[in-house]
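Novice: got a predicted model here, sequence first, then my questions.
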Amino acid sequence: MKFIKAAVDRFEGDSAVIKTEDGQEIIWPKKDLPDDAKEGSALRLSISTSQTDEEERAKLAKTLLNEILQVHPPTNSDKDHHKKP
């Protein structure tokens, strides 16, 4: 997991402007910050992939494609019809 050092630079309405150590600005909902965050608060942002989310997206894509193509998984009765006598 990678981390980015940042700090709360300022607040603008319901958003916080977070500055990373390399000077990039991230606009973030104030409600999603830690309760004790204020201007100048140091933050550590973590970045990671989510295997579960990727698997769910792949499953959804496959389901949608099957619906579009009207492909249905074989049922037991389908398997019985294809057996050789």
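Specialist: Yep, it's here.

Novice: and the contacts of the helix or strand that contains Phe3?
Specialist: Using DSSP states H and E, Phe3 falls within strand 2-12. For strand 2-12, contacts defined as C-beta atoms under 8 Å, 6 or more residues apart in numbering pick out 16-21, 25-27, 30, 33, 37-48. Where you see a C-beta, it was placed from the backbone N, CA and C, and this is true even at glycine.

Novice: cool, stretch 23-35 as well?
Specialist: 6, 8-9, 11-12, 14-20, 41, 45.

Novice: confirm Lys19 sits in a strand?
Specialist: Yes - Lys19 forms part of a strand when assessed by DSSP: H, G, I helix; E, B strand; the rest coil.

Novice: residue contacts, it?
Specialist: With C-beta under 8 Å, 6+ apart, Lys19 has these contacts: Ala6, Ala7, Asp9, Glu25, Ile26.

Novice: pick out the residue nearest the middle of the chain.
Specialist: With distances taken as C-alpha atoms, centre = their mean, the chain has Asp53 as the residue nearest its mean C-alpha position (6.3 Å).

Novice: so which strand or helix has that one?
Specialist: helix 51-69.

Novice: name the helices or strands packed onto that helix?
Specialist: The helices and strands touching helix 51-69, judged by 3 or more C-beta pairs under 8 Å, 6 or more residues apart in numbering; DSSP states H and E, number zero.

Novice: any idea of the mean pLDDT for it?
Specialist: The average pLDDT within helix 51-69 is 86.

Novice: now that helix: buried residues?
Specialist: Within helix 51-69, no residue qualifies as buried by neighbour count (16 or more other C-beta atoms under 10 Å).
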